[in-house]
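Asker: below are the sequence and a predicted model; questions follow.
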Amino acid sequence: MKKHVGRPSNDELRSRKNKQILIIGVVAVSIFLIVLLFETGTLSNLMGNSVTDGNYKKIEEKAYEIGDVNKDGSINIMDVQSIGNYIVELEKYDDYQKILADVNKDGAVNTVDQTVLRKYISNYSSSSIGMQHHIGEKACLEGRPNNRGYCIRKIYIDSQILYGDVNSDGKVNIEDQTKLSRCIADVSGYSLNETEKKAADVNLDGEINIDDVTTLQKYFAGMIKKLPYNG
Ligand SMILES: [Ca+2]
Ligand SMILES: [Ca+2]
Ligand SMILES: [Ca+2]
């Protein structure tokens, strides 16, 4: 008998069909995995993200808008009052707040910024404010916000430091929390040396304040498993 050349046999057809099903299956699973990765990536970006890179850690932090000097997420009369307080030295600003308060970006925070911000929130049109301003623009302490509106900060985790050991006794316990609270409250007789200052900044934000006490409390309560912690 002559072999069919033009027409595939039933067996051939079946195996072709099986291959097609296999390929479709592989493609579908791949698409599912890509979508899954994308979704989880997007989710973590929305929530703020941190990536460990050796001893360096990159942290994404929310970028605030110029004008939102009290960093509460809205630009309103509270911010105008805050600038007033800053001008008469009733309030202290960190470097980031100084950027957020300098609404005309002339390098100084003064009554001009306060006036411009007051006019802005009183719904003056930009022409009647009579001054160029940057209110509402997102700003970072260093660099510019990324395309998702976050500031990127690179922090160094010192492997020689026992984070949380505020009294340098080689242990992290409630005594450290007590000492830290007293230092922040400026209780006399309580101070931190350079190593202790590093150990005390348990949330790695470059400052030693009540947030570190809170982080320590969470650590002792088991809500945080490891120090330093920057959630
Ligand atoms: Ca505000
Ligand atoms: Ca200014
Ligand atoms: Ca200790």
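Answerer: Received the coordinates, thanks. Ligands and ions are numbered 1, 2, ... in the order given.
Asker: all contacts plus neighbour counts: C-alpha atoms, from now on.
Answerer: Will do.
Asker: domain parsing for this protein?
Answerer: 10-39, 64-155, 159-220 (automatic domain parsing).
Asker: next, the most centrally placed residue in the chain: secondary structure please.
Answerer: Nearest to the mean C-alpha position of the chain, by CA atoms, centre = their mean, lies residue 61 at 1.6 Å. Following DSSP: H, G, I helix; E, B strand; the rest coil, the label given to residue 61 is strand.
Asker: so it touches residue 146, yeah?
Answerer: No - with contact defined as CA atoms under 8 Å, residue 61 does not count as touching residue 146 (10.3 Å).
Asker: and for the residue in the chain positioned nearest to ligand 1, the neighbour number?
Answerer: Of all residues in the chain, residue 68 sits closest to ligand 1, at 4.0 Å by CA to the ion. By other CA atoms under 10 Å, the residues close to residue 68 number 26.
Asker: who touches it in this structure?
Answerer: Counting by CA atoms under 8 Å, 6 or more residues apart in numbering, residue 68 makes contact with 74, 75, 76, 79, 100, 101.
Asker: could you rerun that using 6 Å?
Answerer: Contacts for residue 68 were tallied using CA atoms under 6 Å, 6 or more residues apart in numbering; they are 74, 75.
Asker: can you give me the helices for the chain?
Answerer: 10-47, 77-87, 95-101, 111-121, 126-129, 174-184, 194-200, 210-220 (DSSP state H).
Asker: so which of those helices comes closest to ligand 3?
Answerer: Of these, the one closest to ligand 3 (CA to the ion) turns out to be helix 174-184, at 5.1 Å.
Asker: would you mark the buried spots in that closest one?
Answerer: 176, 177, 179, 180, 181, 183 (16 or more other CA atoms under 10 Å).
Asker: dump these to JSON lines, plus distance to ligand 1 and pLDDT.
Answerer: Formatted as JSON lines, the buried residues of helix 174-184 follow (distance: CA to the ion, whole Å; pLDDT from 0 to 100):
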{"residue": "176", "distance to ligand 1": "34", "pLDDT": "97"}
{"residue": "177", "distance to ligand 1": "31", "pLDDT": "97"}
{"residue": "179", "distance to ligand 1": "32", "pLDDT": "97"}
{"residue": "180", "distance to ligand 1": "29", "pLDDT": "97"}
{"residue": "181", "distance to ligand 1": "27", "pLDDT": "96"}
{"residue": "183", "distance to ligand 1": "29", "pLDDT": "96"}
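Asker: tell me the residues of the protein that contact ligand 1?
Answerer: 68, 70, 72, 74, 75 (CA under 5 Å from the ion).
Asker: what is the neighbour count of residue 118?
Answerer: Residues near residue 118, counting by other CA under 10 Å: 20.
Asker: great, nothing more from me.
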